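**Q** When you get a sec, could you give me coordinates for this:
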Amino acid sequence: MKHGVDRFVNTIKLGDHDECRLVVIQDQLQVCPYLPDMIARMPLRLPVGTFSGQMMDSLLDGGYRRSGDFVYRTQCPSCSACEPTRVDIQNFTLSTSMRRVLHRGDASVRTVRGPLQSDAERVALFNLHRRGRGLARSEEPVDDEGYRSFLVESCCDSFELSFWVDETLAAVSIVDQTPLSLSAVYTFFDPSLSRLSLGTYAILKQFEIACAASMRYLYLGMYVDRNAHLNYKARFTPQERLIENRWVRFER
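**A** The predicted model follows:
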């Protein structure tokens, strides 16, 4: 995939005929959300014109992630700790601990697949997760508008997995779907239900969906070795990480 870049517009070549135009909406240095005392650059780009699932597949393959209607790829000035990560669906194997998580969750959690949506219950759980996991960057809770712009608005085919325990919403996963892959956008859950390992369980249910559809990859977002909230992804193998523009395979 070749990239032609100017200050405001990226035209990304996808094969011999198709191309995707991305308009730069925001591009500025910011405090890194993943590592302390680091400066990040994550330009937000808006897809314009025809935007297909095949184009999203190519963007994922190039290390892009989605946030709301936008896509982004880290271009930090002095750090390359963020490594886009994907798992080979057909060769993925469950560890013994993952089998226990799946068995325990299937016995007590009800999973519902549906459209992206926002309501008071989801927004409250999102904020509970941010506070309980130490992810909040300010004291102000996210409101309905902020939740929608981050997790409900989308430029591609997306769906929600909601997880229920005793008729109470326990976790939500936002997932993008392309012809070849699923991409785990964001998962949040009730921190008090740690016994169910809902973060891991949500990923395992996405593996089940991707495997049933004979997909090639499940994209897990950024792996950052020094971030405890992101380095758990190393447990899902065999996986590939995009390092210096090359997908490098990692075994268990």
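
**Q** how about stretch 187-201: buried residues?
**A** Neighbour-count burial for stretch 187-201 flags 187, 188, 189, 190, 193, 196, 197, 198, 199, 200, 201 (criterion: 16 or more other Cβ atoms under 10 Å). From N, CA and C alone the C-beta is placed, and that goes for glycine too.

**Q** Now, those that are in helices?
**A** 198, 199, 200, 201 (DSSP state H).

**Q** Distance to residue 177 and pLDDT added to those, as a markdown table?
**A** Output for those, formatted as a markdown table (distance: Cβ to Cβ, whole Å; pLDDT from 0 to 100):
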| residue | distance to residue 177 | pLDDT |
| --- | --- | --- |
| 198 | 21 | 97 |
| 199 | 20 | 95 |
| 200 | 21 | 96 |
| 201 | 19 | 98 |
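
**Q** Please give me every residue in contact with residue 210.
**A** 89, 181, 182, 217, 218 (Cβ atoms under 8 Å, 6 or more residues apart in numbering).

**Q** Model confidence score at the last one, please.
**A** This means residue 218. Residue 218 carries a pLDDT value of 98.

**Q** Repeat that for residue 78.
**A** 92.

**Q** Torsion angles phi and psi at it?
**A** phi -140, psi 20 (degrees, to the nearest 10).

**Q** what number of residues lie near the residue lying closest to it once chain neighbours are set aside?
**A** Nearest residue to residue 78 in three dimensions, chain neighbours excluded: residue 39, at 7.1 Å (Cβ to Cβ, 6 or more residues apart in numbering). Per other Cβ atoms under 10 Å, the neighbour tally for residue 39 reads 13.

**Q** what bridges to residue 39?
**A** Assessed by DSSP bridges, residue 39 has beta-bridge partners residue 31.

**Q** ok, it to residue 161 distance?
**A** Going from residue 39 to residue 161 by Cβ to Cβ, to the nearest Å gives 34 Å.

**Q** which residues touch residue 225?
**A** Applying Cβ under 8 Å, 6+ apart, the residues near residue 225 are 81, 231.

**Q** How is it assigned, secondary-structure-wise?
**A** coil (DSSP: H, G, I helix; E, B strand; the rest coil).

**Q** top of the contacts of residue 210 by neighbour count?
**A** Ranking the contacts of residue 210 using other Cβ under 10 Å puts residue 182 first, with 26 neighbours.

**Q** is it fair to say that residue lies in a strand?
**A** Yes. Residue 182: assigned to a strand according to three-state DSSP.

**Q** wait, what's in contact with it?
**A** 175, 176, 206, 209, 210, 215, 217, 218, 219.

**Q** okay, those residues in JSON lines with distance to residue 129 and secondary structure next?
**A** Output for those, formatted as JSON lines (distance: Cβ to Cβ, whole Å; DSSP: H, G, I helix; E, B strand; the rest coil):
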{"residue": "175", "distance to residue 129": "17", "secondary structure": "strand"}
{"residue": "176", "distance to residue 129": "20", "secondary structure": "strand"}
{"residue": "206", "distance to residue 129": "18", "secondary structure": "helix"}
{"residue": "209", "distance to residue 129": "22", "secondary structure": "helix"}
{"residue": "210", "distance to residue 129": "24", "secondary structure": "helix"}
{"residue": "215", "distance to residue 129": "27", "secondary structure": "coil"}
{"residue": "217", "distance to residue 129": "26", "secondary structure": "strand"}
{"residue": "218", "distance to residue 129": "21", "secondary structure": "strand"}
{"residue": "219", "distance to residue 129": "21", "secondary structure": "strand"}
